[in-house]
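S.K.: Sequence first, predicted model second:
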Amino acid sequence: MIEARKITKFFPVINPQGLAEGITAVLSVSLKVEEGEFVAVVGPTGCGKSTFLEIMAGLQAPTEGEVYIDGKLVLEPLPSTRKEIEIYQRKYRFLSPIANDLWRDIPKSDIAMIFQDYAVFPWMTALENVFFTLTLRRVPKGERSYLARKYLNLVGLSGAENKYPSQLSGGMRQRVALARALSVEPKIILMDEPFAAVDALAREKLNEDLLSIWQSMKKTIVFVTHDINEALYLADRVVVFSPQPGTVRNIIPVNLPRPRKRASREIGELRERIWQIYQYDATGEIIDYVI
Amino acid sequence: MDRKLTYETKGLNLVLKELSAFFTGIAKNNFTVEFFTVFVPIIILWEALPRLGVVPPTLVPPPSVVAETFWDLLVNHDLIGHVGISLLRFFLGLAVAIVTAIPIGILMGWNMFLRRHALPLFQILAPIPSPAWVPITIILLGIGLPMQVFLVFLGVFYPVLFDTYQGVKDTDPRYIASARVFGASELTLIKRVYLPNALSFIVMGVKIGIALGLVMLIVSEMVGAHSGIGWLLVESKDFFRIDRMVACMLTLGFIGWFLIEVMKYIEIKLALWKVGR
Amino acid sequence: MKRLCFSIAAAVAATALIALVAGVPGSGDDGVIRIGHTGTPHLAPLFVAVEQGIFEDNGLRVELKRFGSTSDAGYALLAGRVDVAFLEPSRSFRLLNEHDEAGVKIAGTVNFDFGATLVVREDLNIRLGDLEGMTVAAGSRHCILLSQFKHDAQRHGVDAGKINFVYTAFETMLPALEAGQVDAILTRASYALLAQAEGHKILYQNWDVVPGDACCPAYLAQVEYFMLVKDLEPRYVRGMDAALREASERPPEDSRNAIMKHTQFPLGLQQGFPVARYLVIGQELKQELGDWVWTGN
Ligand SMILES: Nc1ncnc2c1ncn2[C@@H]1O[C@H](COP(=O)(O)OP(=O)(O)OP(=O)(O)O)[C@@H](O)[C@H]1O
Ligand SMILES: [Mg+2]
């Protein structure tokens, strides 16, 4: 179970005039994701979805608030008072707070993340990319090859094991990322617009595959996307973010049985509703009904 | 690239296979018709002009004379020995520079704390042209192998250091983040993420380092040695042997060119994933 | 392949063209004699002749070109960028050996009194007696300077047998002394003068040495520099010869001032040393050098 409590993230930036100002990327977002749940996060571009996801993954420290995964604090929030800042700086003088350990790999088997753009390593083949995570998890050498092939098969990549990412299509690269995430057998998978750069047809296929993997393995998935249809087709709940600063605008449960039909009337209605929230946030006009 | 084959061939066969691939690669990439259309006329001009007395042959020895001299150096004046001692000095300096510069570069690129401490020092020292170090090196190390090796080291060190540093520092944060979510330690990050990412930068640095290192080798042999190809060069000048000077220069050019070709081959081997991009 | 043939043809054509163009005789020289030198105090006659207008008196116009080393001056002579160059004997022989068709000839010599001199490194504060056990560089085992020094040392009660002699050419002695490889050098006066300018100290000097031994003939040992000429009109060579001889007759004080003017070599250091003199090539030397000697045709 993931529990995010009042997450706020503030970025200090220097504007073109050379003056310091800041961006509040995420403002006081609280979210609870139950075990085995599939939650989609949608929102206009730049609203802080990726930032929020990375905070949950422990890749960025929140300015305020905490994330608990199964009751365990992920990262302490950034300091705010001068004194706290000093202590914080001294503590993390040598290693950044998001670093794991200096020497030892500490497998976090409870969490995996797939990034917005392909973050598989271009210097490793598909197989080696999966090897890498398996090694981190201290899988014995003899089993690695078997397991790696198993996960690559699972995402439909058999035959492309020895290809480098540059030799793969965008969709296949994202499949490598998926295989890599699955290979650590995480309880939670955080996905940041994993299929955004894939054409519509391939994306539908990937959606199907993801759903079947989710159903058979019972993972908890937080899925960020631009695509309202994709969110409604996949998720149990859809979290709608407001434009910057990102807050939870609405949480829409999708109580539809699976397998769902993309073109069904219920999905159409829900899409219309989310669309109108977007519209209202963008223009301030209420189009049809009050939310 | 046929990877399966490289996995399966082993031992001497592998060495032979790599060697033949290396030399055919050199031949294919360099000795093209386009090259000869430029090269052959130059040789003709170089041979003909001194022979016709247009330029004084005592000052510009034609290639045939240089070839003869080269053979004479090879047979009667232990050219191999001089090249050998020069290469020994060069490779010692190169090796010391590489084994120090790459780790330091990696550490500076990886860690902000270390970078803040070390980088300014190197940035202040690096702009000193390496030949400017010659007098003080001779005072501190005397004349001999340590001084020559140190001067070569100076030539190689900074390009390798800064290119390694740059390559590590500029690693895409997505790669780092994606390794960290899986729990990778900093050591694993360095070995499996920073280093492969920086590899082509490092090879580029080593290439520049080889060029500068050769310069420093010649400088060091000119001022403080009694053997080696750089010494042979100044000695030839002292004896008014222009043909020998040219032979030495061509030998040096060949050595530099060959080493760069080797580096190119190593780069292709190590960064196979970039091939075809 | 076609392109290759074409480019070869182009090269041949270019060669022919360049040969034709270069065949046209260039403009004649403007009557100025360009003289390559290295700015050492041993070329005193040259500087005196310039300072006192002796070249002009002999109807010559000269231009001095200073080089970093005598081999550079030699190359300039070969390349025709100077007409006259002053090189030490060893370098001159190398040049003449390697480029015997280039038309370089020996037209005169500059001599400096021989004088056995012992120079000790500047950081050592010692007397003759302290030399025992130290390392001293000498020209060769049978060097006349060495036997003279041993003889004189005996008279001062110093046991020369306890001195550690190493043998090396005169040219390399000063660098060895600078580098601290030896504690003292036993050298000819001309080198001692230069060593003194670097701050080293003279501990012993004897002008009564008669140079010459089996390996190095007397008339050659005295020569400090040869005057080499190439493609210079005979009347100019004779003019140079006359001017430099005349310059050598001027009082030593004039020479010292001219040296200081041209080389910044301090006057004080020159005191106690003779000055270099220009000499025509004598009969013995002419025999030794054979057809390297300029004969005027
Ligand atoms: N390191 C940073 N420094 C400064 N500003 C940042 C930083 N990272 C993100 N931001 C800003 O925070 C805001 C949210 O960024 P984020 O990447 O989370 O948006 P997003 O919702 O994922 O957008 P998209 O849908 O386009 O991926 C943006 O305005 C971005 O400019
Ligand atoms: Mg994003």
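M.R.: Received the coordinates, thanks. Ligands and ions are numbered 1, 2, ... in the order given.

S.K.: Tell me how many other residues surround residue A:101.
M.R.: Using other Cβ atoms under 10 Å in any protein chain shown, residue A:101 has 14 other residues around it. All C-beta spots, glycine's among them, are computed from the backbone N, C-alpha and C.

S.K.: how about the residue nearest to it when sequence neighbours are not counted, what does it touch?
M.R.: Spatial nearest neighbour of residue A:101, chain neighbours left out: residue B:185 (4.6 Å); criterion: Cβ to Cβ, 6 or more residues apart in numbering or on different chains. Remark: with contacts taken as Cβ atoms under 8 Å, 6 or more residues apart in numbering or on different chains, residue B:185 is in contact with A:100, A:101, A:102, A:103, A:104, A:105, A:106.

S.K.: Next, residue C:227: phi, psi?
M.R.: phi -100, psi 110 (degrees, to the nearest 10).

S.K.: circling back to that earlier point, and the contacts of residue B:185, which is closest to ligand 1?
M.R.: The nearest member of those to ligand 1, counting by Cβ to the nearest ligand atom, is residue A:100 at 20.3 Å.

S.K.: Which secondary structure state does the closest one sit in?
M.R.: coil (DSSP: H, G, I helix; E, B strand; the rest coil).

S.K.: Which pLDDT value goes with the residue in the stretch 1-150 of chain B that chain A sits nearest to?
M.R.: Nearest residue of the stretch 1-150 of chain B to chain A: residue B:113, at 4.9 Å (Cβ to the nearest Cβ). Looking at residue B:113, its pLDDT stands at 90.

S.K.: hang on, isn't it packed against residue A:94?
M.R.: Yes - judged on Cβ atoms under 8 Å, residue B:113 makes contact with residue A:94 at a distance of 4.9 Å.

S.K.: neighbours around the residue lying closest to residue B:240 once chain neighbours are set aside, how many?
M.R.: Spatial nearest neighbour of residue B:240, chain neighbours left out: residue C:98 (4.4 Å); criterion: Cβ to Cβ, 6+ apart. A count of nearby residues for residue C:98, using other Cβ under 10 Å, gives 18.

S.K.: contacting residues for residue C:98?
M.R.: Counting by Cβ under 8 Å, 6+ apart, residue C:98 has contacts B:239, B:240, B:241.

S.K.: what does the model give it for pLDDT?
M.R.: For residue C:98, pLDDT reads 88.

S.K.: ok, now residue A:290?
M.R.: 46.

S.K.: next one: phi and psi at residue A:140?
M.R.: According to degrees, to the nearest 10, residue A:140 has phi -60, psi 150.

S.K.: Read off the pLDDT value for it.
M.R.: pLDDT, read off for residue A:140, is 89.

S.K.: Show the pLDDT at residue 248.
M.R.: No chain specified, so I'll use chain A. Value for residue A:248, per-residue pLDDT: 90.

S.K.: oops, chain C please
M.R.: 90.

S.K.: That one and residue C:192: what is the separation?
M.R.: 21 Å (Cβ to Cβ, to the nearest Å).

S.K.: Just want to know which of these two has more residues nearby.
M.R.: Comparing residue C:248 with residue C:192 by other Cβ under 10 Å, the one with more neighbours is residue C:192, at 24 against 19.
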